[in-house]
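Trainee: Predicted model follows, preceded by the sequence.
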Amino acid sequence: MNASSALLAFASLALAGSVAVRAEVFQPLPAPASVSDSAVTQGMPRLLSDFGFFEDPSAQLPTAGVSPYRLNTPLYSDGAEKLRFVYVPGGQKVGASGEGLLEFPVGSALIKTFAFEENGKRRLVETRVLLHRADGWLALPYLWNEEQTEATLAVAGARVQATTPAGEMISYRVPNKNQCKECHGLDGDVVPIGPKARNLSADWLEATLGQVPDGADTLPVWENRASASVDEAARAYLDVNCAHCHRPGATASNSGLDLRWEQDDPHAIGIMKRPVAAGRGAGKHLYDIVPGKPDESILLHRMLSDDPGVAMPELGKSTVDDEGTEIVREWIKGMAP
Amino acid sequence: MIRTAISAILLASAAPVLAETHTIEPGEGAQERLQEALILAAPGDEIVLAAGRYALTDGLSLDVEGVTIRGAGMDGTVLDFTSQQGAGEGLLVTSDNVTLRDFALENPKGDGVKSKGADNIVYHRVRVTWTRGPHPENGAYGIYPVESTGVLVDGVKVTGASDAGIYVGQSNGITVRNSIAEANVAGIEIENSRNALVEHNVATRNTGGILVFDLPNLPVMGGGNVVVANNLVVANDTPNFAPPGNIVAGVLRGTGVMVMANESVLIENNILSGNPTAPIMVIAYPQPFEDENYDPVPRNVVVGSNQIAQGGYDPQIDGAEALLAAFGGELPPLMWDGLGEAGVTLKVASGISGWTLNLTEQGKGMAGATPAPLQAPPPSERFPTEDIGAPAELEARLGG
């Protein structure tokens, strides 16, 4: 809503023909007025502005054709504010089959900006883009400058000092290009993770797809999880935070642990399952999940750790998620032994 | 630097591929420079790590096919992860036909080098060391290829792993040789894998020297066709320091070569000395399990001629004193749990004596054990070894 009214204001300025006025009032815009389809489909653009995803990059005001969206249950990223956008080239349609991942046409892009608050102001840290090319998806990380005017390709990633909303000072890890694939890899390809129909609102799907697929909008909205069952909230959290690796064909497939929402084999989701290659990550515990005993469950033990080599997820966070661990604790506690 | 490398890639994609060499020096920004080189490498390129110590804060990763990472020797080029802040391993490889050689990793927070789904990989003269020695908070695996076809590990050295020094899991076509595994919980472990050759290694001061395991409920099961030959398995007497949840936490201090489950394993021409619980141990998977596709009892384990001394003199087994007294001060060198059937489960060359726990039920622990001398027939036919080991073409990458 904010975005569209700002866009309107911008458009009326342009209509008034006050180009000179605009030049005085606004800084020259680094971005082109529309998305560059060639940047999305080829090469490794050095600057985020080369894509033209944003009318006003520092305000994260998207270009026409780039739509914001949110996920019902999001991935925990040290409490970073995350601004998500999707771009689909003109005239193309997004497909869907059931509750799973939406089918974006070649030329589409998913854009996610990570921000922390600093001195009462939003500070953009990085923007990750997933580009759907003819030969598959490409993941690239862009690191924002101090001035907050531009983000530059950082294939090797970076570390940035940040303060989480909980007040913790952290060394925030901007992932490198390969680390993008550690989470986004499935059967050797890079794929999106977030935009699954089951984790998107029916309203947004209706507006974007013109339809609401079966099984859509079933994961609880995280901040309203109190009105969902503990089982649903915990399974949604594990699906979103863990299952991109802990599933067949992905980075942690060799663990045999499968935390996808749709997995209903108790052993596969960790109940009385022994670890395989957990190493010291297992702590003193014997099973991934011991029903009724969260404090004897490796799954929760690793979520509660901030020690690299023990902590789960391995990438994308460096602090413990109090809300997520609380719901998983409740879930394990409520299981009948 | 980024620009040059990017244009190199663009050129490479337009013209016939010419392998390039990218040299990295230690010092300021080594983390970014090295990771950038690993990302921007073109297939076939070589990343040369100049001699020196590289202070690294994050795990490294390689996802480009056919790349060689070459250091200036396992004592000359050291990737130092003592200050590592993130990632589950020091180096992660996810592409095929990669060669890793002549460098070391020290003190990674998790595993040392993990290669997953990375077919035809060569590890040559790579060292992984946890410098404080055995400690439960050391990383789990030193050299860790998993879910791969074609694995050649030659001349590596791993010390201090809290699980297995050299661990090959869920893979096929494997050779581990000429390597040293010292002061790990398990020296060398072949798990849920087929066609593995483990030869000419030294396994010493581990809790257990060489383990061949098959576990239930994994994407890849049915381990077997494994040859353990011509290894020096001596003085494996380090108390088990694995975190309790791991399968190797159950390995008894003083185990030489151990086979658990599996089908067709040959143990031959090894020198086994100073393994105080059992120079050779053959057992079924000991835990209860639910997996109808899994056979917990070993089949066709062949113990050929081995040179065995000083074994079974201080077994880490309940009732050890009575056992030692019953067997005249030292247990026979081959220990079997008795599950399965002598001659089907186990064949033993003449001259190697053994004992059995005579267990009658899998997954029920040691209760009901009635120890007795082992009677098992000798192998009646040659153990076929033709298709065992890494593909021959990987040998070519060992030169230089």
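Mentor: Noted; the coordinates are in hand.
Trainee: Excluding chain neighbours, give the residue nearest to the residue in chain A that chain B sits nearest to in space.
Mentor: Residue of chain A nearest chain B, by Cβ to the nearest Cβ: residue A:279 (2.3 Å). Quick note: C-beta positions are derived from backbone N, CA and C, even for glycine. Nearest residue to residue A:279, sequence neighbours excluded (Cβ to Cβ, 6 or more residues apart in numbering or on different chains): residue B:140, at 2.3 Å.
Trainee: Could I get the buried residue list for stretch B:338-354?
Mentor: B:338, B:339, B:340, B:342, B:345, B:346, B:347, B:348, B:352, B:354 (16 or more other Cβ atoms under 10 Å in any protein chain shown).
Trainee: related to what we said a few turns ago, so who does the residue nearest to residue A:279 touch?
Mentor: By Cβ atoms under 8 Å, 6 or more residues apart in numbering or on different chains, residue B:140 lies in contact with A:277-281, B:110-111, B:161-164, B:167, B:246.
Trainee: What of residue B:62?
Mentor: A:178, B:38, B:41, B:69, B:91, B:92, B:93, B:94, B:95, B:98.
Trainee: List just the nearest of those to residue B:145.
Mentor: Taking Cβ to Cβ as the measure, residue B:145 sits nearest to residue B:93 out of the contacts of residue B:62, at 8.6 Å.
Trainee: Give me the neighbour count for the closest one.
Mentor: 28 (other Cβ atoms under 10 Å in any protein chain shown).
Trainee: Leaving aside the residues adjacent along the chain, what's closest to it?
Mentor: Residue B:93 sits nearest to residue B:115 (Cβ to Cβ, 6+ apart), 4.0 Å away.
Trainee: contacting residues for the one you found?
Mentor: Contacts of residue B:115 (Cβ under 8 Å, 6+ apart): B:92, B:93, B:94, B:98, B:121, B:144, B:145, B:146, B:148, B:151.
Trainee: Kindly report the same for residue B:268.
Mentor: Residue B:268 touches B:227, B:228, B:229, B:230, B:302, B:303, B:304, B:305, B:306, B:383, counting by Cβ under 8 Å, 6+ apart.
Trainee: Next one: whatever residue of chain B ends up closest to chain A relative to residue B:173, how far apart?
Mentor: Among the residues of chain B, residue B:140 lies closest to chain A, at 2.3 Å counting by Cβ to the nearest Cβ. Distance of residue B:140 to residue B:173, computed by Cβ to Cβ, to the nearest Å: 24 Å.
Trainee: One more: residue A:153?
Mentor: Distance of residue A:153 to residue B:173, given as Cβ to Cβ: 39 Å.
Trainee: What mean pLDDT does the helix or strand harbouring residue A:233 get?
Mentor: According to DSSP states H and E, residue A:233 maps onto helix A:230-242. Helix A:230-242 shows a mean pLDDT of 97.
Trainee: mind checking pLDDT for residue B:3?
Mentor: 46.
Trainee: related to what we said a few turns ago, mind picking the lowest-pLDDT entry from the contacts of residue B:62?
Mentor: Scoring the contacts of residue B:62 by pLDDT puts residue A:178 last, at 88.
Trainee: Show the end-to-end separation of stretch B:203-220, please.
Mentor: 26 Å (Cα to Cα, to the nearest Å).
Trainee: oh, I was asking about stretch A:78-92
Mentor: 35 Å.
Trainee: starting at the chain centroid, how far to stretch B:377-389?
Mentor: 22 Å (Cα atoms, centre = their mean, to the nearest Å).
Trainee: In it, which residues are buried?
Mentor: B:379, B:383, B:388, B:389.
Trainee: who touches it?
Mentor: B:173-175, B:195-197, B:225-227, B:264, B:266, B:268, B:302, B:304, B:342-343, B:347-350.
Trainee: Residues of the stretch 1-150 of chain B that sit close to chain A?
Mentor: Neighbours of chain A within the stretch 1-150 of chain B, by Cβ under 8 Å from any Cβ of the partner chain: B:2-3, B:6, B:10, B:31-33, B:35-36, B:38-40, B:57-58, B:61-63, B:84-88, B:92, B:94, B:108-111, B:116-117, B:136-141, B:144, B:146-147.
Trainee: among those residues, which are in strands?
Mentor: B:58, B:61, B:62, B:86, B:87, B:88, B:92, B:111, B:116, B:141, B:144, B:146 (DSSP state E).
Trainee: tell me which of those is nearest to residue B:358?
Mentor: Closest to residue B:358, out of all of those and judged by Cβ to Cβ, is residue B:141, at 34.6 Å.
Trainee: low-confidence ranges in the stretch 51-200 of chain A?
Mentor: Counting by pLDDT under 70, the stretch 51-200 of chain A contains no low-confidence segment.
Trainee: burial measure for residue B:239, as a count.
Mentor: Neighbour number of residue B:239 under other Cβ under 10 Å is 10.
Trainee: Flag every residue of the stretch 201-350 of chain B that's near chain A.
Mentor: So far as Cβ under 8 Å from any Cβ goes, the stretch 201-350 of chain B lies against chain A at B:215, B:217, B:218, B:219, B:220, B:243, B:244, B:245, B:246, B:247, B:287, B:290.
Trainee: Can you tell me which of the residues you listed is closest to residue A:149?
Mentor: residue B:219 (47.5 Å).
Trainee: was I right about the closest one contacting residue A:248?
Mentor: Yes - with contact defined as Cβ atoms under 8 Å, residue B:219 counts as touching residue A:248 (6.7 Å).
Trainee: Now do the helices in chain B.
Mentor: B:2-14, B:30-40, B:320-326 (DSSP state H).
Trainee: among those, where is the model least confident on average?
Mentor: helix B:2-14 has the lowest average pLDDT among the helices of chain B, namely a mean of 46.
Trainee: Looking at residue A:153 and residue B:173, which is more packed in?
Mentor: Looking at residue A:153 and residue B:173 with other Cβ under 10 Å, you find the greater number of neighbours at residue B:173, namely 22 against 19.
Trainee: Show the pLDDT at that one.
Mentor: At residue B:173, the model reports a pLDDT of 98.
Trainee: do the one 3 residues further on as well
Mentor: The confidence metric pLDDT takes the value 98 at residue B:176.
Trainee: Next: residue B:217.
Mentor: 84.
Trainee: so who does residue A:284 touch?
Mentor: Residue A:284 neighbours (Cβ under 8 Å, 6+ apart): B:243, B:244, B:245.
Trainee: re the thing from before, in strands, which of the contacts of residue B:140 appear?
Mentor: Members of these lying in strands (criterion: DSSP E): B:111, B:164, B:167.
Trainee: Out of those residues, which is nearest to residue A:36?
Mentor: Distances from residue A:36 to these, taken by Cβ to Cβ, are shortest for residue B:111, at 41.0 Å.
Trainee: The closest one contacts residue B:89, correct?
Mentor: Yes - with contact defined as Cβ under 8 Å, residue B:111 counts as touching residue B:89 (4.0 Å).
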